[in-house]
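> Generate a structure from the sequence data that follows.
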Amino acid sequence: MLTPNYRALIHASSILVPVLVKLTSKPLILVGLGVVTVAYVIEELLRFRERRVPLISQFTLKMSRQDERSHFIAAPVFLALGIILALILFPQSIAYSSIAVVAVGDPVAGYVGRRFGRNHVGGKTWEGFAVGSMAAFVPTLLFVSPFVGAIGSIAGMSLELSGVFQDNLTIPFAAGIAMFLASIVMVSIVL
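The predicted model follows:
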């Protein structure tokens, strides 16, 4: 029996950011993400001084991999920064789609790659890339055209496949840029 990957579930929960923006406001969510990120950074700094924050430090350690525990666990910070940048830099539909790519595609690619991957590219697999791209594509359809969503999903998952440093930051950025450019191409073709 497989144990649940709570880390992937936390990662995937970032798909709720567009919903929260719709229910409240983009400035409120940006401030909220900023405050939570700063609080997390403070907690991590305190953890290194052997001053653990009750519940939060335990939660952070439970969500971390064994190889991360001896240093600052930066992945959540980069995920938050990737989401914040997407919300600031891109039009709403592209921002939401780029968040969907990192929220859905990245954890799916990781799971499929670890569980079913046979064809490796560095530490990643083609199987993870393919299934992650398809999984990332589906929620983009809520916000952008299929062409734009496919371009963004493939661009984001290509970075995941490459094993680039801190893909939580670079996936939404690359997916957003690719979708922005694809939408420009679509508009120029229509005109």
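> Residues contacting stretch 170-181, please?
For stretch 170-181, contacts defined as CB atoms under 8 Å, 6 or more residues apart in numbering pick out 82-83, 85-86, 89-91, 94-95, 97-99, 101-102, 105-106, 136, 140, 144, 148-149, 151-160, 164. Every residue, glycine included, has its C-beta placed from N, CA and C.
> now do stretch 100-114
Counting by CB under 8 Å, 6+ apart, 5, 8, 11-15, 17-18, 79, 82-83, 124-125, 127-129, 131-133, 135-136, 138-140, 142-143, 152-153, 156-157, 160-161, 167-168, 171-172, 175 sit against stretch 100-114.
> Filter these down to the buried ones and express that as a PyMOL selection.
Remark: buried members of these, expressed as a PyMOL selection using 16 or more other CB atoms under 10 Å:
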select buried, resi 11+12+14+15+17+18+79+82+83+124+125+127+128+129+131+132+133+135+136+139+140+143+152+153+156+157+160+161+167+168+171+172+175
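> Looking at the contacts of stretch 100-114, which are in strands?
The strands, defined by DSSP state E, take in Lys124, Thr125 from those.
> Quick check: helices, which of the contacts of stretch 100-114 are part of them?
Within those, residues falling in helices by DSSP state H are 8, 11-12, 17-18, 79, 82-83, 127-129, 131-133, 135-136, 138-140, 152-153, 156-157, 160-161, 167-168, 171-172, 175.
> Now the phi/psi pair for Phe147, please.
phi -60, psi -50 (degrees, to the nearest 10).
> so who does it touch?
Ala182, Met186.
> Please report the distance of it from Val187.
Separation of Phe147 from Val187 (CB to CB, to the nearest Å): 12 Å.
> Check the protein and tell me which residue is nearest its centre.
Nearest residue to the geometric centre of the chain (CA atoms, centre = their mean): Val102, 2.9 Å.
> quick one: low-confidence parts of this protein?
1-4, 55, 190-191 (pLDDT under 70).
> how many other residues sit next to Leu89?
15 (other CB atoms under 10 Å).
> Which residue, neighbours along the chain excluded, lies closest to it?
Gly176 (6.5 Å; CB to CB, 6 or more residues apart in numbering).
> for Pro18, same thing?
Nearest non-adjacent residue to Pro18 (CB to CB, 6+ apart): Tyr96, at 4.0 Å.
> Good, wrapping up.
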